[in-house]
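In: Give me coordinates for this.
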Amino acid sequence: MSALGLGWGQRQHPLLVEKLTGREKTRTHTVRSPKMEGMAYGAGMAGGAFNPITFFQQPHTILRILSWFFSIVIFGSIANEGYVNRPDEAQEFCIFNRNQNACNYGLFMGTVAFLCCLAFLALDVYFPQISSVKDRKKAVLADVGVSAFWSFMWFVGFCFLTNQWQVAKQEDNPLREGGDAARAAITFAFFSIFTWGGLTLFSVERLKSVSFDEEYQKLFTPQPTIQLI
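Out: Residues are numbered from 1 along each chain as shown. Take a look at the predicted model:
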């Protein structure tokens, strides 16, 4: 079988020659090139220039920004109005059933989630500049793991804060001060479950794309030309 050149932009190429009943038959199969796959799911072409309009229109970028915003709301709600005091007490306590761990959990998770969103937004901006398929795969694997982790942690946080708010004693806060802030923290913790879950799904799809590129390079790496004298 004669060797055929395969360009990056080509969609069709002959695959292995299959011998059936003593006759050779060449099968043609449609294969997506890494150039095409690299643009899927917001990956962009390796070495491509950053396009802010395209970047902010990508679904995973929108979800990332929403997750970033939700973390700010959760942190701000608890930090500003998450502590109250009784009329006969001077010392403030956590609005979630006097459970300091509940307020600490919300503050800590909101802060770290905020920083994670910024870090991965920066990685998303830099992602098109990563030419190595292996490095792209590592970046996407990290995104999958972190997104799944945060989706789970916000589920735990939502259940924890909801439970502590429900069992809070009315005599500890007769005027129900900070009630809106507590409900806001609970609500946006609930929303964060789905934004981070959506990021996990998009990252899994992008991982499939990067894995395809890796296999493509292994199978169809151009062979050196041997000159016969």
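In: which secondary structure elements does the top helix by length along the chain contact?
Out: Counting by DSSP state H, the longest helix found in the chain is helix 179-219. If you count contacts as 3 or more CB pairs under 8 Å, 6 or more residues apart in numbering; DSSP states H and E, helix 179-219 packs onto helix 34-37, helix 59-81, helix 100-126, helix 133-166. Heads up, the C-betas are built off the backbone N, CA and C, glycines and all.
In: Which residues belonging to the helix or strand just after the first one are considered buried?
Out: By that I understand helix 34-37. Next helix or strand after helix 34-37 toward the C-terminus (DSSP states H and E): helix 52-57. Within helix 52-57, the residues that count as buried by 16 or more other CB atoms under 10 Å are residue 55.
In: In contact with residue 98: list those residues for me.
Out: 168, 172 (CB atoms under 8 Å, 6 or more residues apart in numbering).
In: Now residue 175: which helix or strand?
Out: If you go by DSSP H and E, residue 175 is not part of any helix or strand.
In: separation between it and residue 87?
Out: Noted for residue 175: a distance of 9 Å to residue 87, by CB to CB, to the nearest Å.
In: Counting neighbours, go ahead and name the busier of these two.
Out: Neighbour count, other CB atoms under 10 Å: between residue 175 and residue 87, residue 175 has more, with 10 against 6.
In: quick revisit: ok, and which of the helices and strands packed on helix 179-219 has the densest surroundings?
Out: Of all these, helix 59-81 carries the top mean neighbour count, a mean of 20, counting by mean count of other CB atoms under 10 Å.
In: That one to helix 100-126, inter-axis angle?
Out: 150 degrees (axes from the mean of the first three to the mean of the last three CA atoms, to 10 degrees).
In: I'd like to know which elements helix 59-81 is packed against.
Out: Applying 3+ CB pairs under 8 Å, 6+ apart, one finds that helix 59-81 contacts helix 52-57, helix 100-126, helix 179-219.
In: so what's the closest residue in space to residue 148 that isn't next to it in sequence up against?
Out: Spatial nearest neighbour of residue 148, chain neighbours left out: residue 200 (4.7 Å); criterion: CB to CB, 6 or more residues apart in numbering. Shown in contact with residue 200 (CB under 8 Å, 6+ apart): 144, 147-148, 151.
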